[in-house]
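# here you go, sequence then predicted model.
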Amino acid sequence: MPENKDFLFEQERINRVIDEIDHKISLVEAKGGALKHDVVSLRKTFWDDVTVNLDEPDDVIETHTSLRQQSELLSERERSHGLIHKQLANLQRLKVSPYFGRIDFQEIGEEKSEDIYIGLFSLMDEEDEDFLVYDWRAPISSMYYDYAPGPVKYRAMDETITGEMTLKRQYIIRNGKLKGMFDTGMTIGDEMLQEVLSNQANPQMKNIVATIQKEQNEIIRNNRKKYLVVRGAAGSGKTSAALQRVAFLLYQYREKLQADNILLFSPNQMFNSYVATVLPELGEENMQQSTFFQYLSGRIQNEFMLEDPFSQMEYMLGVKRDGDYYSRQKGIQFKASLSYKNLMDTYIDYLSNEGMTFKNIVFRNEVFITSEEITAYFYQLDKNISIPNRITLVKDWLLEQLALKEKDERKQEWVEEERELLGRAEYLKVYKKLQKEQRFTEDTFDDQEREEILLNKWLVRRRIKPLKRKINQLAFLDVPKIYQNLFQWPESQDNMPAYWDEIAYMTIENLKNKELLYEDATPFLYLKDKLEGRKSFMNIRHVIIDEAQDYSPFQFAYLKMIFPYSQMTILGDVNQSIFTHSVNNQSGLEKVDELFAPNEVEEIRLTKSYRSTKQIIQFAEDILKGNNKIEPFNRNGEKPSISVVENKAVLHNTIVTKVKSLLDNGHQTIAIITKTEQEAADAYRAFEEYLPLHLVKKETNSYEKGVLIIPTYLAKGIEFDAVIIYNCSNDVYVEDDERTVLYTACTRAMHELYLFSLGEKSALLNDVDKNKYRE
Ligand SMILES: Nc1ncnc2c1ncn2[C@@H]1O[C@H](COP(=O)(O)OP(=O)(O)OP(=O)(O)O)[C@@H](O)[C@H]1O
């Protein structure tokens, strides 16, 4: 049979490639061994080859040079050893599965067609002449993802190469053995995807290089514009595409881009651990990862108690919708908007002429420069100078005043007193310190007058130093007060949103208590950075913002400001908006047109969803009232079910029974998803006696297999074999704007979805076609 012949041919080729990998491994190991030996002996004999002579200035220079040469040599060897290590790890990975795809390509004008085998990394033959395997990121490999057999082209070195693809084949190779192969007419065949997607969910996201789809490839290799915005339904592979894109960029720009020049903003801590293995699996180092809140709190926590986004959401999802709710909601939405940013920009213009607030400079409990004096100095400076530059001039002036003060203080009585009170041990310490600084020698210290002068100087300097540091940190600028004043600024009374008085009152009260609400955090930092002229992040060249629908327009504008030189990949789905600021069109993702210049942005939409079975997707899209048609990947499962139960005891018993049967059926990740953390904690108490389970809280930072109880907003971006919606009753999911919360929760399921309702089910589910679920 021709197929069998093909199969044997391919297995033989795999064997040959593996032999070559083994050969390469032994070469690299030998090289690594020699290098290791070099490093060890260099470390041992480091000082033998350094000439140390400090007698004459020339000798010092020579010593310095020889030291530098020696350490450069050592670090070069260490670097090479690191590279060898990486090479070895990559070869070991290739050995398990050397490639996953092949295309036969006949370039126009060439006589022979070329077999191009595609795998995780490139591999050359023994003579280093031909590629046995091409890296999936190589330009030629792009045809594998972009075309079916037929006419094809790809771009390499600014040139377009055209030809004909005569074969496209996929392989499943495990431990060097060919387990399956498919010739495919489609872009990437269904068989392989079926196989991958029907696997169990995993606490660690997997790479998708063998089955990247054409539209995902477009995202991965896209490098035309500064900002790439990707929208796509739940499970359409946005995160996956973003991570393979990082691997692609690290390959494409390996000379100038390192993993730590890339920063990923994740939705929560657990997500960080979920995605952490994708890049190492692809042989690359991980990029930097942070949540936006981690960034904010790193900058704010010394000034305020900062509310975290989950507490904000917990409050908004949990409280009754009364007067307080609506004023907070309006506050959150206004502070998320570009109107608020515009208001703040006008306020900053106003501050250029009046309204800046400074703190008194206090030395030893006495005001030595008043806030009024600083204000007067600031406003007598030329108004054409930007505020941050004027602040720098104020800082310089304050430091000069401080230097004068320092001189004056040396003669003050307190210094004499402090000097006399110096204990012997402390005195000796000072003596040694001054001696080290070569302020005096043994001889001069006998001179009592000089000794006193030097000690006085030291004592004053010691007191002045913290003040100097604070001035250098611009602590004299009272940003909290300036922010607070915005809410009493007469100009801000026109065209203000509904509930402005309540919003202003609530904000001022919080600021007075040294508390900063989450919605104020970004505006506060924006103001601070605009006034202080903070330096942007120069080393970050690429920022990835996942779950971008959760960022407000204001937050986007802020990110754009602090990463002015970075490219950005922005991925999101407005139907998964669950933050109060992002519902009702206030997501930054809805304001892309206002935020970025049209020639700087490219937008791509992913339409197909891969995570969940067709039945789950068809059910979930109806929750969104059918406004968004999602194309499910053709993988079948049971229809979701909705069970209405009468009381809590029955609810808990039924869920326990369901979870046990899911475990018996071999599911390894099962999530009981609640609307809030409060609800999750209550459910946990009810179940802990009967089920082995983990309660996921906002500070949980790793995703473990097993049964999890988790609020929706922490399950964002993650997936499970089976999902149980703890309570989808009409008392829990009430308002229309909670559809997105329920949709997000349901779309976490890969294979099975069960909804339970304590009493009548939510009216939001009445929009779901009855044929799409079991009751
Ligand atoms: N081309 C592909 N080949 C194999 N699996 C894929 C592919 N694209 C997506 N998947 C799988 O689909 C699931 C969802 O992918 P991913 O989490 O990247 O989607 P998402 O759009 O970020 O989802 P969400 O918006 O729900 O966070 C993952 O299990 C991923 O491995």
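Yep, it's here. Since this is a predicted model, take the numbers as computed values, not measurements.

# quick one: contacts of the one helix or strand residue 461 maps to?
Residue 461 is part of helix 448-472 when elements are defined by DSSP states H and E. Residues from elsewhere that reach helix 448-472 (C-beta atoms under 8 Å, 6 or more residues apart in numbering): 361, 363-364, 395, 398-399, 402, 405-406, 409-411, 415-416, 418-419, 422, 430, 433-434, 439-440, 444-445, 476. (C-beta placed from N, C-alpha, C; glycine too.)

# write out the residues of this structure neighbouring the ligand.
193, 196-197, 206, 208, 211-213, 216, 232, 234-240, 573, 576, 610-611, 717, 719, 747 (C-beta under 6 Å from any ligand atom).

# which ones among those residues are found in helices?
Counting by DSSP state H, these place 193, 196, 197, 216, 238, 239, 240 in helices.

# what packs against the strand or helix carrying residue 403?
Using DSSP H and E, residue 403 maps to helix 387-409. Packing contacts for helix 387-409, counted by 3 or more C-beta pairs under 8 Å, 6 or more residues apart in numbering; DSSP states H and E, involve helix 338-353, strand 361-363, strand 366-369, helix 371-380, helix 448-472, helix 518-532.

# who does the second one pair up with?
Applying DSSP bridges, strand 361-363 is found paired with strand 366-369 (antiparallel).

# buried ones in the strand it pairs with?
Buried positions in strand 366-369, judged by neighbour count with 16 or more other C-beta atoms under 10 Å: 368, 369.

# chain center to whichever helix in the chain runs longest, what's the gap?
The single longest helix within the chain, with elements called by DSSP H, is helix 2-44. In terms of C-alpha atoms, centre = their mean, to the nearest Å, the centre of helix 2-44 is set 36 Å apart from its chain centre.

# tell me the helix or strand right after that helix.
Next helix or strand after helix 2-44 toward the C-terminus (DSSP H and E): helix 57-96.

# how far is that next one from where the chain is centred?
Offset of helix 57-96 from its chain centre (C-alpha atoms, centre = their mean): 31 Å.

# could you do stretch 537-548 as well?
Offset of stretch 537-548 from its chain centre (C-alpha atoms, centre = their mean): 7 Å.

# and the gap between the residue in the stretch 51-200 of the chain that the ligand sits nearest to and residue 601?
Here the residue of the stretch 51-200 of the chain nearest the ligand is residue 196; by C-beta to the nearest ligand atom that distance is 4.7 Å. Separation of residue 196 from residue 601 (C-beta to C-beta, to the nearest Å) stands at 32 Å.

# more neighbours: which of the two?
residue 601 (17 against 14; other C-beta atoms under 10 Å).

# my guess is the more buried one contacts residue 592. True?
Yes: the pair residue 601 / residue 592 is scored as a contact, 6.3 Å apart, by C-beta atoms under 8 Å.

# need the overlap of contacts for the two.
Common contact partners of residue 601 and residue 592 (C-beta under 8 Å, 6+ apart): 227, 229.

# what's near enough to touch residue 27?
By C-beta under 8 Å, 6+ apart, no residues touch residue 27.

# still on that earlier bit, give the ChimeraX command for selecting the buried subset of the contacts of helix 448-472.
Filtering the contacts of helix 448-472 down to the buried ones (16+ other C-beta under 10 Å) takes a single ChimeraX command:
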select :361,395,398,402,405,406,409,410,415,418,419,422,430,434,440,476
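
# how about the helices in the stretch 551-700 of the chain?
All helices of the stretch 551-700 of the chain, identified by DSSP state H, counting those that start in this stretch, fall at 553-562, 592-595, 614-623, 648-664, 677-687.

# same check on the stretch 201-350 of the chain?
214-220, 238-252, 269-275, 278-281, 292-300, 309-318, 323-336, 338-353.

# now what about the first one, what contacts it?
The contact list for helix 214-220, computed with C-beta under 8 Å, 6+ apart, reads 142, 145-146, 187-188, 208, 212, 228, 230, 237, 240-242, 244-245, 248, 569, 604, 606-608.

# got the buried residues for that helix?
Residues of helix 214-220 classed as buried: 215, 216, 217, 218, 219, 220 (neighbour count, 16+ other C-beta under 10 Å).

# off-centre distance for it?
21 Å.

# can you list the low-confidence ranges for the stretch 51-200 of the chain?
For the stretch 51-200 of the chain, the stretches with pLDDT under 70 are 51, 77, 185-189.

# my error: substitute the stretch 651-775 of the chain in the last question.
Checking the stretch 651-775 of the chain against pLDDT under 70 turns up nothing.

# and the end-to-end length of stretch 528-537?
With C-alpha to C-alpha, to the nearest Å as the measure, the ends of stretch 528-537 fall 16 Å from one another.

# now it: average pLDDT?
Mean pLDDT, computed over stretch 528-537, is 88.

# same check on stretch 316-327?
74.

# circling back: most packed of the helices of the stretch 201-350 of the chain?
By mean neighbour count, with neighbours taken as mean count of other C-beta atoms under 10 Å, helix 238-252 ranks first of these at a mean of 23.

# then it to PDB, C-alphas only?
Taking only C-alpha atoms (Å, rounded to 0.1, in the frame of the first residue of the first chain), the coordinates of helix 238-252 have been written out as PDB:
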ATOM      1  CA  LYS A 238      -5.700  35.200  21.600                       C
ATOM      2  CA  THR A 239      -3.400  34.400  24.500                       C
ATOM      3  CA  SER A 240      -1.900  31.500  22.600                       C
ATOM      4  CA  ALA A 241      -1.200  33.700  19.500                       C
ATOM      5  CA  ALA A 242       0.400  36.300  21.800                       C
ATOM      6  CA  LEU A 243       2.800  33.900  23.400                       C
ATOM      7  CA  GLN A 244       3.900  32.300  20.100                       C
ATOM      8  CA  ARG A 245       4.300  35.900  18.900                       C
ATOM      9  CA  VAL A 246       6.800  36.500  21.700                       C
ATOM     10  CA  ALA A 247       8.700  33.400  20.600                       C
ATOM     11  CA  PHE A 248       8.600  34.600  17.000                       C
ATOM     12  CA  LEU A 249       9.900  38.100  17.900                       C
ATOM     13  CA  LEU A 250      12.700  36.600  20.000                       C
ATOM     14  CA  TYR A 251      13.700  34.600  17.000                       C
ATOM     15  CA  GLN A 252      13.200  37.200  14.400                       C
END
